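Trainee: Everything below, folded, please.
(2 chains)
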There are 2 protein chains.
Amino acid sequence: MVTNAHLETAIDYHFSDKGLLQQALTHRSHSSHHNERLEFLGDSVLNFVVAALLFQRFPRIDEGDLSRLRANLVKQSSLADIAQKLELSQYLRLGEGELKSGGFRRPSILADTVEAIFGAVFLDSGFDAAQKVIARQYAPILQNVDPQTLGKDPKTLLQELLQGRKLDLPLYTVVATHGAAHNQMFEVECTVPALDIKVGAAGSSRRAAEQLAATQAIASIQQLVPAKGAASRSRARKSTQLSLPVAVPQERK
Amino acid sequence: MVTNAHLETAIDYHFSDKGLLQQALTHRSHSSHHNERLEFLGDSVLNFVVAALLFQRFPRIDEGDLSRLRANLVKQSSLADIAQKLELSQYLRLGEGELKSGGFRRPSILADTVEAIFGAVFLDSGFDAAQKVIARQYAPILQNVDPQTLGKDPKTLLQELLQGRKLDLPLYTVVATHGAAHNQMFEVECTVPALDIKVGAAGSSRRAAEQLAATQAIASIQQLVPAKGAASRSRARKSTQLSLPVAVPQERK
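Mentor: Alright, predicted model coming up:
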C-alpha cells in the first residue's frame, strides 16, 4: 500500500508538518479540514513561479506571449498531467459520493490537488522550497515549450503560417449539419487556394469543426512542402518546424 | 528636482541595479526598453504576496472570500492609490504623446508602473525583498479590510443585510428613462417594504442606478435602526458596523 511518504519522494520534498500534506490531499467532499484554502495559496505561488521561470527562459518575448504561455502551462489539463505523473489519484481523500463517481480521475480534482500541494509546501517551508518543487515538475515541460506556437489554436497557427509565406488566408465553409438542435454535428471544409489544399472535418460546434479542419490543413501543408524539392528547401524547413499545440479548443483557467 | 533615489526611499528599498528601476518607470510610449515584461512579473509576485498576506490574516474565511478580497486589493484603482501615495507620476518616463494627454495621471499607467516596480525589486534581490516592499505598501490597507464587505457591490450588501434580519428582498423598479439611446439616464426606485424604505437614484445604466439606490437604502437602514431604541440595540450595532465598499460598480482586474 502506498503512503504519503511515497508522494513526498515523488515530489522530492519531505514535509515537517505531515498534516499539511494530508490536508492538501483532502477534497471538500471528504471532511471539513479540506484543501480549498491551500489551493488558493498554491494557485498563486504556481502562477508566480511559472511567470518567473518563463521570464528567465525567454528573455526576448513580450508580455502578451508570456501571458499566453503561462495560461497554457497552469491550465487544468497541464496540472492534471502533472498529477498523473505523480500518480496522485491513489493518495486523494475523497468523500463517498466522489469515490463512487470516479472523482479520483477527474481532471479538476487532480489539478486542484496539485495546486494545494504547492500551497502546502509554501506554508511548510516558505517560498524557496515551493519554487524548487514547482520548478522540478515544470522542468521537462519547459524544455519542450515552443513560444511561437504553445497555447495558440490551430486556426491562429494556420493563419500565421500562411501570412508568413505571404499567402491568402484560408476559407472555412460549413458544408453540412446533422442531428437535432441539442446534438448537432457540423461538417466544415477548409480551403487554402494558393496551395490547392481542401480538407474537411466534423465537430459538435462550428468552431470545433473549424479548428479540426485547420489542424488538418496544417498537416497537409507540412506534407506538401518538403515534396517540392530543393528549390523551396528553406520554406520546407520553416514549415516542418511548426509544432502543433495539444489542446483543441483552448481551455480557460 | 526629485530623483529616483527619492522613490527608493519612499518604497524603503534601494536597488543594486538602478537600471532596473529606470526600466520599471519607463512606459512603452517612451522607448523600447520599457516596463511591460517587468509588469508581467510584478503582477504575479503581487498576486501571490497579497494571497499569502490574506491567507495569514484571515485564517477562517473560505477561498471564495479570499479570492474576492484579493481581486479588490490588486485591482487597478487600488494600485493607482498606492501610486498616488508614492507620488509616482513625477518619476514616470512617458512618450511625448502620453505626456501631452496627461498619461502621468492615468490610473492604468500608474497601476502598471507599481506592478513593474515590484517586478524589478524581485529581479534585483529575489522574493523576500519583493515581499517586504509589497507588504509595506499593503500594511495600512490590510488593517482596514472588512472581509464581510470589501469588494461586494451595494446590491449584494443590501441583500445580505436584509437576509441577516430575515426580511424580504428589496424591489428595484425603473420609474423613468431620459435622453437619447446613446446617452440615456435611468431613474430607479428601491423599496424595502418591511422597513418602509423607498429611495431613488439615477445612473447612466439600469445597473448603475440600482447600485446607487441600494447604497442609499443601506444608509437609510443605518439611520433608521439606532432610532428604534434599546429593544433592538443588538440589531442596531450590527447594522451600524456595516461599512460600505468604495467602488460602484465593481471594476474587473
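Trainee: In stretch A:204-217, which residues are buried?
Mentor: With burial defined by 16 or more other CB atoms under 10 Å in any protein chain shown, the residues of stretch A:204-217 counted as buried are A:207, A:208, A:209, A:210, A:211, A:212, A:213, A:214, A:215, A:216, A:217. Where you see a C-beta, it was placed from the backbone N, CA and C, and this is true even at glycine.
Trainee: swap that for stretch A:191-198, please
Mentor: A:191, A:192, A:195, A:197.
Trainee: all strands of the stretch 101-250 of chain A, in order?
Mentor: A:171-178, A:185-192, A:197-203 (DSSP state E, counting those that start in this stretch).
Trainee: just the buried residues of stretch A:191-198 now: which is nearest chain B?
Mentor: residue A:192 (34.4 Å; CB to the nearest CB).
Trainee: Identify the residues contacting the closest one.
Mentor: A:158, A:162, A:167, A:168, A:170, A:171, A:198, A:217, A:221 (CB atoms under 8 Å, 6 or more residues apart in numbering or on different chains).
Trainee: and if you look at residue A:129?
Mentor: A:13, A:121, A:122.
Trainee: measure the nearest residue to residue A:108 once chain neighbours are set aside to residue A:187 for me?
Mentor: If the residues on either side of it in the chain are set aside, residue A:108 comes closest to residue A:76, at 6.1 Å by CB to CB, 6 or more residues apart in numbering or on different chains. Using CB to CB, to the nearest Å, we find residue A:76 at a distance of 29 Å from residue A:187.
Trainee: mind giving me the domain split of chain A?
Mentor: A:4-143, A:154-241 (automatic domain parsing).
Trainee: Give me the mean pLDDT for the shortest one.
Mentor: This means domain A:154-241. The average pLDDT for domain A:154-241 rounds to 80.
Trainee: what does stretch A:15-23 give?
Mentor: 97.
Trainee: Around chain B, pick out the residues from the stretch 1-150 of chain A.
Mentor: Applying CB under 8 Å from any CB of the partner chain, we find that the stretch 1-150 of chain A lies next to chain B at A:36-37, A:39-41, A:43-45, A:47-48, A:51-52, A:55, A:62-63, A:66-67, A:70, A:122, A:127-128, A:131.
Trainee: where along the stretch 151-253 of chain A do the helices fall?
Mentor: A:154-164, A:206-224, A:233-241 (DSSP state H, counting those that start in this stretch).
Trainee: what helices or strands is the longest one leaning on?
Mentor: Looking back up the chat, that one is helix A:206-224. helix A:154-164, strand A:171-178, strand A:185-192, strand A:197-203, helix A:233-241 (3 or more CB pairs under 8 Å, 6 or more residues apart in numbering or on different chains; DSSP states H and E).
Trainee: Generate a markdown table for the ones you listed, with distance to residue B:84 as supplementary columns.
Mentor: Below are these laid out as a markdown table (distance: least, CB to CB, whole Å):
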| stretch | distance to residue B:84 |
| --- | --- |
| helix A:154-164 | 39 |
| strand A:171-178 | 49 |
| strand A:185-192 | 52 |
| strand A:197-203 | 51 |
| helix A:233-241 | 49 |
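Trainee: of all the ones you listed, which lies closest to residue A:104?
Mentor: Across these, residue A:104 has its closest neighbour in strand A:197-203 (29.6 Å, CB to CB).
Trainee: contacts for that closest one?
Mentor: For strand A:197-203, using CB under 8 Å, 6+ apart, the contacting residues are A:175, A:185-192, A:209-213, A:215-217, A:220-221, A:224.
Trainee: So residue A:169 sits against residue A:161, correct?
Mentor: No. Residue A:169 lies out of contact with residue A:161 (CB atoms under 8 Å); the separation is 10.7 Å.
Trainee: picking up where we left off before, among the helices of the stretch 151-253 of chain A, which is nearest residue B:31?
Mentor: helix A:154-164 (27.8 Å).
Trainee: Now that closest one: buried residues?
Mentor: A:154, A:155, A:157, A:158, A:161, A:162.
Trainee: Among those residues, find me the one that's closest to residue A:139.
Mentor: Checking the buried residues of helix A:154-164 one by one against residue A:139 (CB to CB), the nearest turns out to be residue A:157, at 25.7 Å.
Trainee: hang on, the earlier thing: in JSON lines, list the strands of the stretch 101-250 of chain A along with distance to residue A:108.
Mentor: Shown next, in JSON lines, are the strands of the stretch 101-250 of chain A (distance: least, CB to CB, whole Å):
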{"stretch": "strand A:171-178", "distance to residue A:108": "31"}
{"stretch": "strand A:185-192", "distance to residue A:108": "27"}
{"stretch": "strand A:197-203", "distance to residue A:108": "23"}
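Trainee: So which of these is nearest residue A:106?
Mentor: Going by CB to CB, the one of the strands of the stretch 101-250 of chain A nearest residue A:106 is strand A:197-203, 23.7 Å.
Trainee: Nothing else from me, thank you.
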